[in-house]
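[1] any chance you can model this:
(chains A and B)
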There are 2 protein chains.
Amino acid sequence: MDDKLILGKKTVAEIDNKTKEEILKLKESNIKLNLCILRIGENPDDLAYERSIIKKNDKLGINTKIKKLDKNIELKDLKKEIKEINDNKNIHGILIFRPLPNHIKEYELKNLIDPKKDIDCFNPLNMAKIIENDDSGFKPCTPEAVIEILKSYDISISGKNIAIVGRSLVVGKPLAMMLLNEDATVCVCHSKTKNIKEICKRADILIAALGKAKYIDNEFIKKDAVVIDVGINLDEDNNLCGDVDFDDIINCVSKITPVPRGVGAVTTSILARNVLKAYYNTINN
Amino acid sequence: MDDKLILGKKTVAEIDNKTKEEILKLKESNIKLNLCILRIGENPDDLAYERSIIKKNDKLGINTKIKKLDKNIELKDLKKEIKEINDNKNIHGILIFRPLPNHIKEYELKNLIDPKKDIDCFNPLNMAKIIENDDSGFKPCTPEAVIEILKSYDISISGKNIAIVGRSLVVGKPLAMMLLNEDATVCVCHSKTKNIKEICKRADILIAALGKAKYIDNEFIKKDAVVIDVGINLDEDNNLCGDVDFDDIINCVSKITPVPRGVGAVTTSILARNVLKAYYNTINN
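    Okay, the predicted model is just below:
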């Protein structure tokens, strides 16, 4: 079974090694990379993500500044904070934890973040670059993690039939565009798809990103397909699990990402690499 | 055969009637809609498109102002022209003919056009709204014409398996997102797709937007499929033809758009409707 596992740590090591090497070179010129995280309130998910980002950044030599904001912060004050960070030449990357509190709407903020510092692809100008196949922008971390994991395991994308289950703005839709840009044939399925098993069963690569625990069983899988599981859910015993029923499909697949230790492990490495890219944006500006 | 034809003129009549009615109401309040077209040089394609836009706008009561610019216009002068039109409160919609001359790059202009006046979806902020399923922006005319033509012929989109052949930035990619937003299951094929006939043959609705004369023959068609032909090409006898081989597939399909008289006929109606939308943008601003 172990030879079927696609583990995030291999991809992480490859990405982090390059990032670290470049950061070390910059340090020789006394350049220090800085990420600023805007956290509104004390949401436990945000705190967990924050810890994993800090851990990664510490390892790679990126300084992480946390801007803690009151959970009832007024929109105008939040806008002021964003403006300050945009204007601060010593801060290279900006990340605002989402979902935002209910009283702040995404559309009121997303255009404000300097697209050159927008390491989490919040600004629509970066989203548009994905459609445009313009690599100068930032891509959302999870779809990028999917692509990187495939590449690091030498799973070719060009010409493959890929089914994506899920059409969210953070994963399914941008990932579809990114895979098209990599010359895959892409089919996007979702809750309204009528013959979803049949469609998935034809895919060389199946990407599950619908957010339902263990939804994808062996009836969705073509023999020897590659399965990438983007889901992070809790199962009936409160254990972490993905959108695919791992035990049910492991015998059908050629490769599969487990949950945890799969795609999710790669996202903080993408974020860190994006801080480096954001730094290059500032000097090329 | 005639009962199989999806004719643009039916959709055009429906769209234009609504547009005209609203424009007449505005006229009663002495409001006149103005579109400004920026045309660089005397490209025959541009001139033909210009004539058809003027004809449509005259019919509907929209004033069309043509800004004729020298084919060697410098970038800075072109930027100044765009700024002036952006700032001119009497101009509601802006259209710049593309492709641009070689010395002007799209990325140098597209962010400059006021997104609220950008009736041709040149500004990436409007493209991003398509991914975001945010209807407040402008969509590119051809994909919108495809959706409108399906709706006006009561061809349901939700839950349908739709194959799009072609992944261009002006048609294939935005159309894929728009059809996903309409709850279709969408598969995008292109030159690197390996089993393209097989994939197309499973589609309830096949949309050809690859730009190759008569490429799609009966081997691509599921019995009784709906075929929408976005292509505009010249055949071996220099006659207009689409991307599908009409005579070869007419017996297999349930409905089909001819070329000409199909999708292409609808685009100027979409543009005119967008000028009206742009006007509402200015008063809601």
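
[2] regarding A:V188, what is its secondary structure?
    strand (DSSP: H, G, I helix; E, B strand; the rest coil).

[3] try A:N63
    Assignment for A:N63 (three-state DSSP): strand.

[4] how many neighbours does it have?
    16 (other C-beta atoms under 10 Å in any protein chain shown). Every C-beta, even on glycine, is put in place using the N, C-alpha and C of the backbone.

[5] distance check, it against A:G93.
    For A:N63, the distance to A:G93 equals 11 Å [C-beta to C-beta, to the nearest Å].

[6] mind listing the shared neighbours of the two?
    Overlap of the contact sets of A:N63 and A:G93 (by C-beta atoms under 8 Å, 6 or more residues apart in numbering or on different chains) consists of A:33-35.

[7] after the top helix by length along chain A comes which helix or strand?
    If you go by DSSP state H, chain A has its longest helix at helix A:8-28. Later in the chain than helix A:8-28, the nearest helix or strand by DSSP states H and E is strand A:33-40.

[8] after that next one, which helix or strand is next?
    helix A:44-60.

[9] thinking again about what came up before, I'd like the shared contacts of A:N63 and A:G93 as TSV, with pLDDT, distance to chain B and neighbour count appended.
    As requested, these are exported to TSV (pLDDT from 0 to 100; distance: C-beta to the nearest C-beta, whole Å; neighbours: other C-beta atoms under 10 Å in any protein chain shown):
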residue	pLDDT	distance to chain B	neighbour count
A:L33	98	27	24
A:N34	98	27	19
A:L35	98	24	24
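
[10] picking up where we left off before, what are the buried residues along the longest helix of chain A?
    A:8, A:11-12, A:15-16, A:19-20, A:22-23 (16 or more other C-beta atoms under 10 Å in any protein chain shown).

[11] on contacts alone, who are the packing partners of it?
    helix A:44-60, helix A:141-152, helix A:267-283 (3 or more C-beta pairs under 8 Å, 6 or more residues apart in numbering or on different chains; DSSP states H and E).

[12] select, out of those helices, the one closest to chain B.
    Across those, chain B has its closest neighbour in helix A:141-152 (11.9 Å, C-beta to the nearest C-beta).

[13] ok so, going back, single out the most deeply packed of the helices and strands packed on helix A:8-28.
    helix A:141-152 (a mean of 23; mean count of other C-beta atoms under 10 Å in any protein chain shown).

[14] which of the buried residues of helix A:8-28 lies closest to chain B?
    Distances from chain B to these, taken by C-beta to the nearest C-beta, are shortest for A:T11, at 24.2 Å.

[15] in the stretch 101-250 of chain A, what residue spans correspond to helices?
    A:106-109, A:124-131, A:141-152, A:172-181, A:196-200, A:246-249 (DSSP state H, counting those that start in this stretch).

[16] contact partners of the first one?
    When you say that, I think you mean helix A:106-109. In contact with helix A:106-109 (C-beta under 8 Å, 6+ apart) are residues A:75, A:78-79, A:82, A:96, A:98, A:100, A:122, B:134.

[17] quick one: which of these is most hemmed in?
    Going by other C-beta under 10 Å, A:I96 tops the contacts of helix A:106-109 with 25 neighbours.

[18] tell me which residues touch that one, please.
    A:I96 neighbours (C-beta under 8 Å, 6+ apart): A:37-38, A:40, A:82, A:109, A:113, A:120, A:122.

[19] go with 10 Å
    Counting by C-beta atoms under 10 Å, 6 or more residues apart in numbering or on different chains, A:I96 makes contact with A:36-40, A:67, A:69, A:78, A:81-82, A:85, A:104, A:106, A:109-110, A:112-113, A:118, A:120, A:122.

[20] ok, it to A:N126 distance?
    From A:I96 to A:N126 the distance is 14 Å (C-beta to C-beta).

[21] shared neighbours of these two, which are they?
    A:110, A:113, A:118, A:120.

[22] which residues touch the third one?
    With C-beta under 10 Å, 6+ apart as the criterion, the residues that contact A:D118 are A:86, A:93-96, A:110, A:112, A:124-127, A:137-138, A:274, A:278, A:281.

[23] mind redoing it with 8 Å?
    Applying C-beta under 8 Å, 6+ apart, the residues near A:D118 are A:94, A:126, A:138, A:278.

[24] do the same with the second one
    Remark: with contacts taken as C-beta under 8 Å, 6+ apart, A:I113 is in contact with A:82, A:86, A:94, A:96, A:122-123.

[25] go through the residues you listed and name the one nearest B:N233.
    Closest approach between the contacts of A:I113 and B:N233, by C-beta to C-beta: A:N123, at 37.9 Å.

[26] so what's the residue count around the residue nearest to the closest one when sequence neighbours are not counted?
    Counting by C-beta to C-beta, 6 or more residues apart in numbering or on different chains, the nearest residue to A:N123 once its immediate chain neighbours are dropped is A:P115, at 4.5 Å. A:P115 has 23 neighbouring residues, counting by other C-beta under 10 Å.

[27] ok, now A:M1?
    7.

[28] hmm, it is touching A:D247, no?
    No: with contacts defined as C-beta atoms under 8 Å, A:M1 does not count as touching A:D247, sitting 10.1 Å away.

[29] returning to what we had before: for B:R51, which of the helices of the stretch 101-250 of chain A is the nearest?
    helix A:124-131 (30.6 Å).

[30] by how many degrees do that closest one and helix A:172-181 diverge?
    40 degrees (axes from the mean of the first three to the mean of the last three C-alpha atoms, to 10 degrees).

[31] next, the angle from helix A:124-131 to helix A:141-152.
    Going by the same axes, to 10 degrees, helix A:124-131 makes 30 degrees with helix A:141-152.

[32] check the offset of helix A:124-131 from the chain's centre.
    15 Å (C-alpha atoms, centre = their mean, to the nearest Å).

[33] and chain A, which of its residues are near chain B?
    A:107, A:111, A:124-125, A:127-134, A:158-159, A:161, A:167, A:169, A:173-174, A:176-177, A:180, A:183-190, A:192-196, A:199 (C-beta under 8 Å from any C-beta of the partner chain).

[34] check whether A:I232 really touches A:G262, as I assumed.
    No: using C-beta under 8 Å, A:I232 makes no contact with A:G262, being 9.6 Å away.

[35] avg pLDDT for the longest helix of chain A?
    The pLDDT scores in helix A:8-28 average 98.

[36] ok, and what's touching that helix?
    So helix A:8-28 is contacted by A:32-33, A:56, A:59-62, A:145, A:148-149, A:152-153, A:257, A:261-266, A:269-270, A:272-273, A:276, A:279 (C-beta under 8 Å, 6+ apart).
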